[in-house]
Every structure is written in structure tokens, then in C-alpha cells.
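Peer 1: Attaching a predicted model along with its sequence, questions to come.
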Amino acid sequence: MRETNGIIEQHIHGAFGCDFMQCSASELEECAEKLAYECGVDWFFPTLMTDSIEKIKKQTEIIKEVQSRQKQNTAKIAGIHLEGPFINPEKSGIHEKKYIQPLDVNIYKQVEDELIKIITTAPELDKNGEFISYLKKNGVKISLGHSVGVDLSDINQVTHLYNAMGTFTHRGASSVVSALTNDEIYVELIADSIHVSDDVIKLTIKQKGIHKILLVSDSLPLAHSIKNEMIFAGQTIYKKDNLLVNKDSTIAGSAMLLCDIVKNIINKGILKFEDAIKCATINQANYHKLSCNLKVYWNDDNTIKEVKFN
């Protein structure tokens, strides 16, 4: 049995049937407890999807309410990751295009909240630079995602590297290549062997090193749920083993949580236990300046045995 710090999920839309875009406060509290005890999650950033301004504001208030009264024995809310609505329609994925907004500071101010810590956005659409400048001035981490941009000069990180962004190319500019070769930028990686193949996971680790990789789940409410389909982002999402797709076979988020992803890459020999854990705990803690609240004890098969709170 091995002891580690708790996992930090910085990109998670839900789990156990709980959808952070639809849930009540009590449902979010229940999900946070399960994330801690079943998945060893210490901190998490509930991730809100592209939706109406009113809906984003409502769910932000629910998340704030829960954060304000969280008990010790639960996964702590570190902040909100806002994935949209300020994205590029060309790379919308399963995001509903009707709710996508221009990169306008005045529109952002309608949803702005101190709990929003990360924003996934498409900087190439910020024509005068005011939107990105405003976020930076207010301490929000800027993540390039659902984007075709290649200029990473004002970016802190990249959202789910390789997915919903410009492709790798050996001619001309490429956001993928820029992210891989820029030593200052963190990259999110969904290492579930579905969103990114095993060979590309290995390539990413070899190029970036482990210190700038943030393993994420990008999990949807179907993760660790007995259901095989749910409405998410205004459409039916189907679960086929660990694959989540809509009716057009567009890959959605993951059916795995981060504890499952850690197990996946260790069992496949992609990373040693210590390095995989670093990419799911220490890197995130350093990046967000978060302290450890719990210890996780792992079985020899890389499943979680138990968690204990400090």
C-alpha cells in the first residue's frame, strides 16, 4: 500500500450522475463527498459549460453557496473553471453554439465572480486584446481551448491538449506544437487512452516533461454512474464502456475520473506510480497554490484503498 497526497481535479463537469450545470446545492455536496471517499479527490474546480448567461450565473451562486459551508470530510471546491461561452464556434465540440459569446469584457462582467479561477477561451477572437488583458489583471488563469489560435504569449495553460484545437502540423504555426515547446505553459492531458492515444501520451510526456503536465478527467455526469445515457449540454450523451459520444459520434468528456486515469497510465507502463501521482496532485497544487487536506492510500493494483483527512 502506498500513501500520497489527494488528487486535484481542475477540469470536471460532474460525476455519479451529478451535472454541475444542472445540480442543486445538496447534489453538489453529495458529489463532493463521493469524490473524496471514492476517488481520493482533495480539491476540485467544478467546470461550467457554454450556456446562457443566466444559467452560468445561477450555477456559480450554487457553487459559491456550497463552498462557503463545506465540511472537513469532503473534496474542497478550489474555484470554478469556466469552459465557455467565450470560445471559437469552429471548435465548439459538444458545446451549444447558440450560447457562444464574443470575447467582450462587458459580457464577461455579467458572469464575473471571484470564484472563477480558470477560463477556457479562444484568444484569437480577442481582436483588441482587451478581454485577455482584463482576465490577467483580475488574476484569472487563461487557458487556450476550443480554439484555432496559435499565439500563446498571454496564456497560462492549454485545455485538454490535442482536443478541440488546431492540429499538429510540420508546416506553419500550430497551437499544439507551441504548447509542446513552450516550457512556461502547463498542458491539460486527458490520458484515458480515448481522447489521446497511448503513443501521443508518451510523446507529450517525453517532450513536456512531467512538471508541466496537468492530468485531468474532463469527466461528465455519466462517470461512475449506473446510467448509460444522460442529457448534457442540451443533447443526449451515450456511454459505451469508457467512451462518451453524442448522436453524431462526437466524443464528449470522459467516463473516467482522475483516479481511473492515474490507474490507466500506471498499469500500461506509461508512467511510474510516483510520476503519475505528481501529474495529478503536486503539479496542480503548485500551479494553484493549494495545500493538502487529505492522504490517499493506494492498493497494489493502483486502486484507492482509503482516504484520511488531515
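Peer 2: Sure thing, it's come through.

Peer 1: Roughly how far does the nearest residue to Ile210 once chain neighbours are set aside sit from Ala233?
Peer 2: Among residues not flanking Ile210 along the chain, Asp275 sits closest, at 5.0 Å (C-beta to C-beta, 6 or more residues apart in numbering). Any C-beta I mention is one placed from the backbone N, CA and C, and that applies to glycine too. For Asp275, the distance to Ala233 equals 33 Å [C-beta to C-beta, to the nearest Å].

Peer 1: Among those two, which residue is more densely surrounded?
Peer 2: Using other C-beta atoms under 10 Å, the more surrounded residue of Asp275 and Ala233 is Ala233, with 22 against 17.

Peer 1: how near is the more buried one to Ile226?
Peer 2: Ala233 is 21 Å from Ile226, by C-beta to C-beta.

Peer 1: Ala164 reaches Leu144, doesn't it?
Peer 2: No - with contact defined as C-beta atoms under 8 Å, Ala164 does not reach Leu144; the gap is 10.2 Å.

Peer 1: Who has more neighbours out of the two?
Peer 2: Leu144 (29 against 23).

Peer 1: Other residues contacting the helix or strand hosting the residue nearest to Ile210?
Peer 2: Secondary-structure assignment from DSSP states H and E places Asp275 in helix 273-278. Contacting residues not belonging to helix 273-278 are listed as Arg2, Thr4, Asn5, Ile210, His211, Leu215, Val262, Ile265, Ile266, Ile270, Trp298, Asn302 [C-beta atoms under 8 Å, 6 or more residues apart in numbering].

Peer 1: and it, what's its mean pLDDT?
Peer 2: In this model, helix 273-278 carries a mean pLDDT of 98.

Peer 1: How about that helix, which residues are buried there?
Peer 2: Across helix 273-278, burial judged by 16 or more other C-beta atoms under 10 Å covers Asp275, Ala276, Ile277, Lys278.

Peer 1: do stretch 135-153 as well
Peer 2: 135, 140-150, 152.

Peer 1: which one of those sits closest to Met49?
Peer 2: Minimum distance to Met49 across the buried residues of stretch 135-153 is 10.7 Å, recorded for His146 (C-beta to C-beta).

Peer 1: In three-state terms, label Ile265 for me.
Peer 2: helix (DSSP: H, G, I helix; E, B strand; the rest coil).

Peer 1: just Pro46 next, same as before
Peer 2: Classification of Pro46 by three-state DSSP places it in strand.

Peer 1: residues touching the closest residue to it other than its chain neighbours, list them.
Peer 2: For Pro46, ignoring the flanking residues on the chain, the nearest one in space by C-beta to C-beta, 6+ apart is Phe20 at 4.3 Å. Going by C-beta under 8 Å, 6+ apart, Phe20 touches Ile12, His13, Gly14, Leu28, Pro46, Thr47, Leu48, Gln59, Ile63.

Peer 1: For those residues, which two are the farthest from each other?
Peer 2: Farthest apart among the contacts of Phe20 by C-beta to C-beta are Ile12 and Gln59. That separation is 13.7 Å.

Peer 1: Going by how many neighbours each has, rank the two and give me the top one.
Peer 2: The neighbour comparison of Ile12 against Gln59 (other C-beta under 10 Å) goes to Ile12, with 26 against 22.

Peer 1: Need the pLDDT of that one.
Peer 2: So Ile12 comes in at 98 (pLDDT).

Peer 1: ok, now Asp151?
Peer 2: Per-residue pLDDT puts Asp151 at 81.

Peer 1: Roughly how far does the nearest residue to it once chain neighbours are set aside sit from Ser175?
Peer 2: Nearest residue to Asp151, sequence neighbours excluded (C-beta to C-beta, 6+ apart): Pro123, at 6.5 Å. Between Pro123 and Ser175 the computed distance is 10 Å (C-beta to C-beta).

Peer 1: what is in contact with those two at once?
Peer 2: Leu144, Ser147, Gly149.

Peer 1: Columns secondary structure on top of those, output as CSV?
Peer 2: Formatted as CSV, those follow (three-state DSSP):
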residue, secondary structure
Leu144, strand
Ser147, strand
Gly149, coil
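
Peer 1: Let me know the closest of these to Gln72.
Peer 2: Lowest distance from Gln72 to the shared contacts of Pro123 and Ser175 (C-beta to C-beta) belongs to Leu144, with 35.8 Å.

Peer 1: which residues does that closest one form a beta bridge with?
Peer 2: Thr121, Val158 (DSSP bridges).

Peer 1: wait, it sits on Ile155?
Peer 2: Yes - counting by C-beta under 8 Å, Leu144 does reach Ile155; the two are 5.0 Å apart.

Peer 1: Between these two, which contacts overlap?
Peer 2: Joint contacts of Leu144 and Ile155 (C-beta under 8 Å, 6+ apart) are Pro123.
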